[in-house]
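> Sequence first, predicted model second:
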Amino acid sequence: MPKKTEPKKMLRITYVKSAIGYSQRHKDTIKALGLRRLNQVVEHEDNPAIRGMLLKVNHLVRVEQVEQ
């Protein structure tokens, strides 16, 4: 019998504050998330690696949980 697949939990990440004046680690984390311009929105699958990145730059981004 096929298993029912749960909908993937996705995170919608919006870049809301510039990383100018912050450490290079913060800038690199923003870049690794795929963010380049202010007010840009990207979606990533909710997993521990992404959550860890978001904890480092939570003052620069806005995060919303999206069901797919």
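Cool, the structure landed. Predicted model only: the values in this text are computed from it and were never measured.
> only C-alpha atoms for contact and neighbour calcs from this point on.
Will do.
> Next, count neighbours for the closest residue to residue 60 other than its chain neighbours.
Nearest residue to residue 60, sequence neighbours excluded (C-alpha to C-alpha, 6 or more residues apart in numbering): residue 17, at 4.7 Å. Using other C-alpha atoms under 10 Å, residue 17 has 14 neighbouring residues.
> Which parts of this protein are helices?
Applying DSSP state H to the chain gives helices spanning 24-32, 48-56.
> okay, the ones you listed in JSON lines with mean neighbour count next?
JSON lines is the format used below for the helices of the chain (neighbours: other C-alpha atoms under 10 Å):
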{"stretch": "helix 24-32", "mean neighbour count": "15"}
{"stretch": "helix 48-56", "mean neighbour count": "13"}
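> gap between the residue positioned nearest the centre of the chain and residue 60?
Among the residues of the chain, the one closest to the centroid is residue 13, at 4.4 Å (C-alpha atoms, centre = their mean). From residue 13 over to residue 60 the distance is 10 Å, taken as C-alpha to C-alpha, to the nearest Å.
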